[in-house]
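# A structural model of the following input is requested.
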Amino acid sequence: MRHILQASLMIALLLTPAACASRPVGSESPAGSSRREFIVREELNRGQWPNAYEMVRNLRPQWLRVRGPDTINGTPGGVQVVLDDVRLGGTDALRNIPLSGIVYLQWLDGITASQRWGTGFGNGVVFVSTRPR
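Numbers count the residues shown, from 1 in each chain. So this is what the prediction gives:
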């Protein structure tokens, strides 16, 4: 009986990382999604904001928060903005993006963003897409 419990525990421990793995950009459609990682066109149309920054600040303020140092020397980096796979810089870049061309926005955590674009994305990314998937 003890060996069965140990074997079951080992199997559960081996399967847990696979169950917790996050999906990369492009693995699911944002259309109709109510997930907190997306802001879709329907949600954009519900409000009157002058730019993407104000919209994100009102709908998903947690996307703009720095989560702590993202480098080994402890200097805090910021949340980055990527527009159609082009890095624009920090969240102030959202102020220059008009809502009219946006199809969806997506939040990516630091690990997922770093896997996709490399270093310098430790505090996450607000990914802005002007192209349908």
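# Can you check what pLDDT the model gives Glu28?
In this prediction, Glu28 carries a pLDDT score of 48.
# please begin residue numbering at 49 from this point
Sure, I'll start counting at 49 from here, so that last one is Glu76.
# how about the helices in this protein?
Remark: helices assigned in the chain by DSSP state H are 50-68, 89-92, 100-107, 158-165.
# Which one of the ones you listed has the poorest average confidence?
Among the helices of the chain, helix 50-68 scores lowest, at a mean of 49.
# What segments of the chain are strands?
Counting by DSSP state E, the chain has strands at residues 86-88, 128-131, 134-138, 152-156, 173-177.
# now those in a markdown table, with mean pLDDT and mean neighbour count?
Heads up, the C-betas are built off the backbone N, CA and C, glycines and all. Output for the strands of the chain, formatted as a markdown table (pLDDT from 0 to 100; neighbours: other C-beta atoms under 10 Å):
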| stretch | mean pLDDT | mean neighbour count |
| --- | --- | --- |
| strand 86-88 | 95 | 20 |
| strand 128-131 | 97 | 23 |
| strand 134-138 | 96 | 13 |
| strand 152-156 | 97 | 23 |
| strand 173-177 | 97 | 23 |
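# between those, which one is nearest to Gly166?
Counting by C-beta to C-beta, Gly166 lies closest to strand 134-138 out of these; the figure is 9.7 Å.
# Using JSON lines, please lay out the strands of the chain together with distance to Ala100.
Compiled in JSON lines, those are given as follows (distance: least, C-beta to C-beta, whole Å):
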{"stretch": "strand 86-88", "distance to Ala100": "9"}
{"stretch": "strand 128-131", "distance to Ala100": "8"}
{"stretch": "strand 134-138", "distance to Ala100": "10"}
{"stretch": "strand 152-156", "distance to Ala100": "7"}
{"stretch": "strand 173-177", "distance to Ala100": "6"}
